[in-house]
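Participant: Pasting a predicted model and its sequence here:
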Amino acid sequence: MIAVENQIRSAAKVYHSFHQIAIYMQDLQENAGKFLELCELCKSPAQEILKRKDLIVVSHVDADGLTSAAIICTALERRGLEYQPMFFRQLDETSIAEIADRNADLVIFTDLGSGMIQQICECGLPAVVADHHKPAACAARPLAHINPHLVGADGATQLSGSGTSFLLARELALTPSANDDLASLAVVGAVGDLQDMARGQLVGINRHILDIGSNAGVLSFGRDIKLFGRQTRPVFKMLEYSQDPYLPGLSGNEDACIAFLKEVGIRLGGERWRRWIDLNLEEKSSLVTAIIRKGLRNGLSNVKLERLIGEVYVLLAEQEGTELRDASEYSTLLNATARYGHADVGLSVCMGDRDRSFSEAQKLLGQHRQNLVNGLKLVAEKGITPMKSIQYFDAGDAILDTIVGIVAGMSFQMADRSMPILALARTEQGEVKVSARGTQDLVRSGLDLAEAMSSSARVLGGVGGGHNVAAGATIPPDAKQAFLELVDRAVGKQLSKE
Ligand code: C5P
Ligand code: ZN
């Protein structure tokens, strides 16, 4: 048993190191052209922005949207420009009309807009769109459109809304590297959009941003345990709350986690509980070995165990032991603000408030965690209904429409990974919000949720869009069944099942 386990571990190590270096080199080379092309696309809108006075920054209510807005707002502030931020759950005709009513000199859309270019232009809005969602096919052109898809890069994995905004912010800088410190926010946004999950590390144009951030001294990155809470959670809690990978015999069982750590010889704490960052290298390595051994004994697949280790991102300018020091914890903190109607709190944190807004965000984070736990419990109780090519659960009023997508993604641990999962929830306005999540394996087999969701919603008088691996839609309440059937058929076609 031990011999087999050691073989697998050493093979995994070698594979990872060569594999990782190869990906790294290949990514930088392959994406250098696309990176430069996008930087070029940012030059003229940056000059246009610098000429205007009354600016509005419109963004999306999630971690990537907040960091995108914060990057642009900081860049504007540094050039002494006045701006007004506005946040939306989704861009539709009503929200575009609300923005148009403000009569701004220029509107900068970040982390949204690419799916609504036609409507933005029809409203006569002078607009710069810096987004990474799949652009809708349309003839209209705003003042400028910056999007990784336009240079052949994948917006779901290779550059986030905040990454795109960061490239624009660099062109807004007074001196060439004056805004390079904002790379750390761009990485928080990319991690918030789970762009590091497909390959266990950020890829594509994102790697250029990592390079810039590390040269600016604000970011460090390297391989480490990928469990959530490295900076802030006691180690036994980090294990107890582990969802990805789910650790049989540990996840969800505090007593078992404490006993396990004692067995491995890890001291739990003195005056305070020890966190992952408090462990020395030797302790970290024996703990990882013990988790792998336990996982293998419990039949956890290599693919799942490989997800235990990956690249993690540390924000060097932030205080150790806080959520802000780790890109993944930072992004969850931000989701806990904007997804509950407190985008202003998240934006202030991103723009440097470590006082009132930060403690407010930490309070909101506690509630957000509880909501996610309750959401997952509900899915476990209600179950997930399979169709031919998709599976779904309907949360009704029990899960907020703004976090139902996060719950859908987390539900994969108890769902069939061979088809995408859709989650339905009622919105405050009485419409139905649908969030869809897939896996990278499904994307490789042809899945494009953005296309399936937007085309199906359009047929029924709703709107939808997003990325191949994660998308959303809002539809009329009486269209639920018809919508599910349309998406089921569309996904079936994409995966060539019919
Ligand atoms: O809301 P949710 O997290 O499910 O959204 C998943 C992705 O789909 C996000 O990137 C979001 O911006 C996008 N989306 C969209 N149009 C909608 C709803 C969601 O582009 N109507
Ligand atoms: Zn985004």
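Facilitator: Structure received. It should be emphasised that the depicted structure is a prediction, and the values quoted were computed from it without experimental measurement. Ligands and ions are numbered 1, 2, ... in the order given.
Participant: residues contacting the residue in the stretch 201-350 of the chain positioned nearest to ligand 2?
Facilitator: Closest residue of the stretch 201-350 of the chain to ligand 2, CB to the ion: Ser331 (10.7 Å). Placement of C-beta: from N, CA and C, glycine included. Counting by CB atoms under 8 Å, 6 or more residues apart in numbering, Ser331 touches 63-64, 67, 188-189, 191-192.
Participant: Name the nearest of these relative to ligand 2.
Facilitator: Asp64 (3.3 Å).
Participant: Surely the closest one and Asp111 touch.
Facilitator: Yes. Under the criterion of CB atoms under 8 Å, Asp64 makes contact with Asp111 at 5.2 Å.
Participant: Name the residues contacting each of the two.
Facilitator: With CB under 8 Å, 6+ apart, Asp64 and Asp111 have common neighbours 160-162, 189.
Participant: where along this protein do the strands fall?
Facilitator: Assigned by DSSP state E, the strands in the chain fall at 55-60, 83-88, 106-110, 127-130, 144-146, 219-225, 309-315, 385-386, 391-394, 421-426, 432-437, 463-466, 470-475.
Participant: Quick one: residues contacting Leu55.
Facilitator: 49, 76, 81-84, 104-108.
Participant: Just the buried ones from those residues, in ChimeraX syntax?
Facilitator: Those of those that count as buried under 16 or more other CB atoms under 10 Å are selected in ChimeraX with:
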select :49,76,81,83,104,106,107,108
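Participant: Now render the contacts of Leu55 as a markdown table, adding pLDDT.
Facilitator: Shown next, in a markdown table, are the contacts of Leu55 (pLDDT from 0 to 100):
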| residue | pLDDT |
| --- | --- |
| Ile49 | 98 |
| Leu76 | 98 |
| Leu81 | 96 |
| Glu82 | 95 |
| Tyr83 | 97 |
| Gln84 | 97 |
| Ala104 | 95 |
| Asp105 | 95 |
| Leu106 | 97 |
| Val107 | 98 |
| Ile108 | 98 |
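Participant: quick one: which of the contacts of Leu55 is nearest ligand 2?
Facilitator: Ile108 (15.2 Å).
Participant: quick one: contacts for that closest one?
Facilitator: Contacts of Ile108 (CB under 8 Å, 6+ apart): 49, 55-58, 72, 127-128, 130.
Participant: now these in a markdown table, with distance to Leu422?
Facilitator: Shown next, in a markdown table, are these (distance: CB to CB, whole Å):
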| residue | distance to Leu422 |
| --- | --- |
| Ile49 | 38 |
| Leu55 | 37 |
| Ile56 | 33 |
| Val57 | 31 |
| Val58 | 27 |
| Ile72 | 32 |
| Ala127 | 31 |
| Val128 | 33 |
| Ala130 | 29 |
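Participant: quick check, nearest of those residues to ligand 2?
Facilitator: Of these, the one sitting nearest to ligand 2 (CB to the ion) turns out to be Ala130, at 10.9 Å.
Participant: give me every residue that touches that closest one.
Facilitator: 42, 68, 72, 108-111, 113, 146-147, 161, 164-165, 167-168.
Participant: cool, Pro420 as well?
Facilitator: 390-391, 436-439, 442, 447, 449, 491.
Participant: Narrow the contacts of Ser331 to those in helices?
Facilitator: 63-64, 67, 188-189, 191-192 (DSSP state H).
Participant: Residues of the stretch 201-350 of the chain that sit close to ligand 2?
Facilitator: Applying the criterion CB under 5 Å from the ion, no portion of the stretch 201-350 of the chain neighbours ligand 2.
Participant: one step back: within reach of ligand 2, which of the ones in helices among the contacts of Ser331 are there?
Facilitator: Asp64.
Participant: Grab the nearest non-local neighbour of Asp326.
Facilitator: The shortest distance from Asp326 to any non-neighbouring residue, by CB to CB, 6 or more residues apart in numbering, is to Gln231 (4.6 Å).
Participant: Please apply the same query to His208.
Facilitator: For His208, the spatially nearest residue (CB to CB, 6+ apart) is Phe35, at 4.6 Å.
Participant: how far away is that neighbour from Glu82?
Facilitator: 31 Å (CB to CB, to the nearest Å).
Participant: So which of the contacts of Ile108 is the closest to ligand 1?
Facilitator: Ligand 1 has its nearest neighbour among the contacts of Ile108 in Val58, at 12.8 Å by CB to the nearest ligand atom.
Participant: Tell me, how many residues neighbour that closest one?
Facilitator: By other CB atoms under 10 Å, 30 other residues sit near Val58.
Participant: Surely it is in contact with Gly113?
Facilitator: Yes. With contact defined as CB under 8 Å, Val58 counts as touching Gly113 (7.4 Å).
Participant: Report the set of residues contacting both of these two.
Facilitator: With CB under 8 Å, 6+ apart as the test, Val58 and Gly113 both reach Leu91.
Participant: is it true that Ala343 touches Leu66?
Facilitator: Yes. Counting by CB under 8 Å, Ala343 touches Leu66, with 6.3 Å between them.
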